[in-house]
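Undergrad: Can you look at this prediction? I've put the sequence above it.
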Amino acid sequence: MSDSYDLLLAGGTVLNPATSLNQKLDVGVANGRVAAMQANLPRANATRVLDASGCYVTPGLIDFHVHSYWGVNPYGCNLDALCLATGVTTTMDAGSAGPVNFLGFRKLVNETSKTRMLGFVALAQHGVLNEPGELVNLGFADSDGAAQTIGDNRDIGVGIKVRLHKKSIGENSRAALRLAIKAGEVTRTPIMVHVGDTAISMSEIAETLRPGDIITHCYTPQRPSIIDEKGKLLPEVRKAKGRGVIFDVGHAGGHFDFDLVRRAMGDGLLPDVISSDLHGRLKQPGFGIVGDLPTTLTKFLPLGLNLEEIIARCTINPARVIGWQDRIGSLEVGREADIAVLKIIDEPTTLRDSVGAEWRVHHRIAARWTIRAGEVFQGKG
Ligand SMILES: [Zn+2]
């Protein structure tokens, strides 16, 4: 190779689940794109060399559920710096903006962030609200407007969001679910459904969703749950998984129960996507029990997933859910250089869940560097 590189990631193990690649390779970046992936690329040809030995070089991570519409939405927070310190190069905002204010999301969040910030458009006109909830009055649901908003914003609007818990929607969940699916059908995009404390059953929700639609907070300890009293997966949930309904973690403060996750995974329900649900109402310092996406990913090591399985669930899997697999989620020559350089740090770590359980583990996943379109950001790990 006689090409020169702006950046050379040297000596790391490239882990790219999309192409089943798990191999020691150097990665050369030029003009913001991946220019070469092969062993022993010449360092002399690189403007900058990062020593990635002992690290895993993966596609830039995708955090599929966050709330990034800060200064406007009550759940919003400014996540750009945290993403770039934690290997995250793309986020999906989960309905902080609806038809009336998605343009603001574009102008204030998407256009100003270094992280690629995409969004699910809320069925509710103004996005998700705290109290009163956004669809307690169903008159605020706007299926046509949400569909129109996706149509007008195909480059950043990836699907429809609806929350079905009683606090946000009262008794309107069945009607709202139908309206969200209608918008999803018109736009041929998935809908993301928030579960936990819903007035309708988990079985009904699971049976109503189309292949490709998303249940977020899939391991919430709030009822109705995906498992029954005996800890077994509901038959309708198993069928939905088989039909291709997507199960997303959406950790947040209240939706992760180690014991429930263990039981559900043991009975066949592995997550399709692992996301943090970082939002501005997590008032504890450092986002409390969530921490960040790498901390959320770390929780799946003691739950039995290997690193490759975990990385798939925050790279190529979420990319496929929104139909962006040709653009993001895979590390390949010619693509935009969105890269995470991760390390498994040997260090006693306490992991916490939403119901007060603590797990002591000896490893944690952390980011050394994040590369977004070729630009390098120092990791906090
Ligand atoms: Zn959320």
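TA: Nice, thanks for sending it over. Numbering: from 1, shown residues only.
Undergrad: which SS state does the residue nearest the centre of the chain fall under?
TA: Of all residues in the chain, the one closest to the mean position by Cα atoms, centre = their mean is residue 64, 1.9 Å from it. Classification of residue 64 by DSSP: H, G, I helix; E, B strand; the rest coil places it in strand.
Undergrad: same for the lengthiest helix in the chain, what does it pack against?
TA: Ranked by residue count, the top helix of the chain under DSSP state H comes out as helix 173-187. For helix 173-187, the packing partners by 3 or more Cβ pairs under 8 Å, 6 or more residues apart in numbering; DSSP states H and E come out as helix 143-152, strand 157-163, strand 191-194, helix 202-208. C-beta here means a position set from N, CA and C on the backbone, and glycine is covered the same way.
Undergrad: which one of the ones you listed lies closest to the ion?
TA: For the ion, the closest of the helices and strands packed on helix 173-187 is strand 191-194, at 6.6 Å, according to Cβ to the ion.
Undergrad: Redo the helices and strands packed on helix 173-187 as JSON lines? Include distance to residue 178, mean pLDDT and mean neighbour count.
TA: Output for the helices and strands packed on helix 173-187, formatted as JSON lines (distance: least, Cβ to Cβ, whole Å; pLDDT from 0 to 100; neighbours: other Cβ atoms under 10 Å):
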{"stretch": "helix 143-152", "distance to residue 178": "9", "mean pLDDT": "98", "mean neighbour count": "20"}
{"stretch": "strand 157-163", "distance to residue 178": "10", "mean pLDDT": "98", "mean neighbour count": "28"}
{"stretch": "strand 191-194", "distance to residue 178": "11", "mean pLDDT": "98", "mean neighbour count": "27"}
{"stretch": "helix 202-208", "distance to residue 178": "8", "mean pLDDT": "98", "mean neighbour count": "19"}
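Undergrad: circling back: who's in contact with the residue nearest to the centre of the chain?
TA: 91-92, 248, 273-275, 314, 318, 321 (Cβ atoms under 8 Å, 6 or more residues apart in numbering).
Undergrad: do residue 295 as well
TA: Counting by Cβ under 8 Å, 6+ apart, residue 295 makes contact with 351, 364-365.
Undergrad: Ok, residue 347 next?
TA: Here residue 347 is in contact with 362-364 (Cβ under 8 Å, 6+ apart).
Undergrad: Same check on residue 381?
TA: 86, 294, 342-343, 345, 364-368.
Undergrad: Show only the entries of the residues you listed found in helices.
TA: Using DSSP H, the members of the contacts of residue 381 that fall in helices are residue 294.
Undergrad: Now list the buried members of the contacts of residue 381.
TA: Burial by neighbour count, judged by 16 or more other Cβ atoms under 10 Å, picks out 86, 294, 342-343, 364-368 from the contacts of residue 381.
Undergrad: that older thread, out of the contacts of residue 64, who's nearest the ion?
TA: residue 275 (8.8 Å).
Undergrad: Assign a three-state SS to the closest one, would you?
TA: In three-state terms, and counting by three-state DSSP, residue 275 is coil.
Undergrad: what about it, neighbour count?
TA: For residue 275, the count of nearby residues is 29 (other Cβ atoms under 10 Å).
Undergrad: do residue 321 as well
TA: 24.
Undergrad: Without its sequence neighbours, what residue ends up closest to it?
TA: Nearest residue to residue 321, sequence neighbours excluded (Cβ to Cβ, 6 or more residues apart in numbering): residue 246, at 5.4 Å.
Undergrad: if I pick that neighbour, what's in contact with it?
TA: 190, 212-215, 272-273, 321.
Undergrad: right, is stretch 117-135 up against the ion?
TA: No: shown here: stretch 117-135 not in contact with the ion (Cβ under 5 Å from the ion), separated by at least 7.3 Å.
Undergrad: Endpoints of that stretch, how far apart?
TA: 25 Å (Cα to Cα, to the nearest Å).
Undergrad: Which residues of the stretch 201-350 of the chain lie near the ion?
TA: Residues of the stretch 201-350 of the chain lying near the ion (Cβ under 5 Å from the ion): residue 277.
Undergrad: can you give me the helices for the stretch 201-350 of the chain?
TA: Using DSSP state H, counting those that start in this stretch, the helices found in the stretch 201-350 of the chain span residues 202-208, 235-243, 258-266, 293-298, 307-312, 316-321.
Undergrad: In TSV, list those helices along with distance to residue 60.
TA: As requested, the helices of the stretch 201-350 of the chain are exported to TSV (distance: least, Cβ to Cβ, whole Å):
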stretch	distance to residue 60
helix 202-208	31
helix 235-243	27
helix 258-266	25
helix 293-298	11
helix 307-312	11
helix 316-321	10
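Undergrad: okay, the ones you listed, which one's buried deepest?
TA: helix 293-298 (a mean of 25; mean count of other Cβ atoms under 10 Å).
Undergrad: okay, it in PDB with CA atoms only?
TA: Taking Å, rounded to 0.1, in the frame of the first residue of the first chain, the C-alpha atoms of helix 293-298 are listed here in PDB:
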ATOM      1  CA  LEU A 293     -23.600   2.700  27.100                       C
ATOM      2  CA  PRO A 294     -20.400   0.800  27.900                       C
ATOM      3  CA  THR A 295     -21.600   0.200  31.500                       C
ATOM      4  CA  THR A 296     -24.900  -1.100  30.100                       C
ATOM      5  CA  LEU A 297     -23.000  -3.400  27.700                       C
ATOM      6  CA  THR A 298     -20.900  -4.600  30.600                       C
END
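Undergrad: Now do that helix: distance to the chain's middle.
TA: When distances are taken as Cα atoms, centre = their mean, to the nearest Å, helix 293-298 is centred 11 Å away from the chain's centroid.
Undergrad: List the pairing partners of the helix or strand hosting residue 22 within its sheet, with orientation.
TA: Using DSSP states H and E, residue 22 sits in strand 21-24. If you go by DSSP bridges, strand 21-24 pairs up with strand 13-16 (antiparallel).
Undergrad: Need the contact partners of the strand it pairs with.
TA: Strand 13-16 is contacted from outside by 21-25, 27, 37, 55-59, 307-308, 311, 315, 330-332, using Cβ under 8 Å, 6+ apart.
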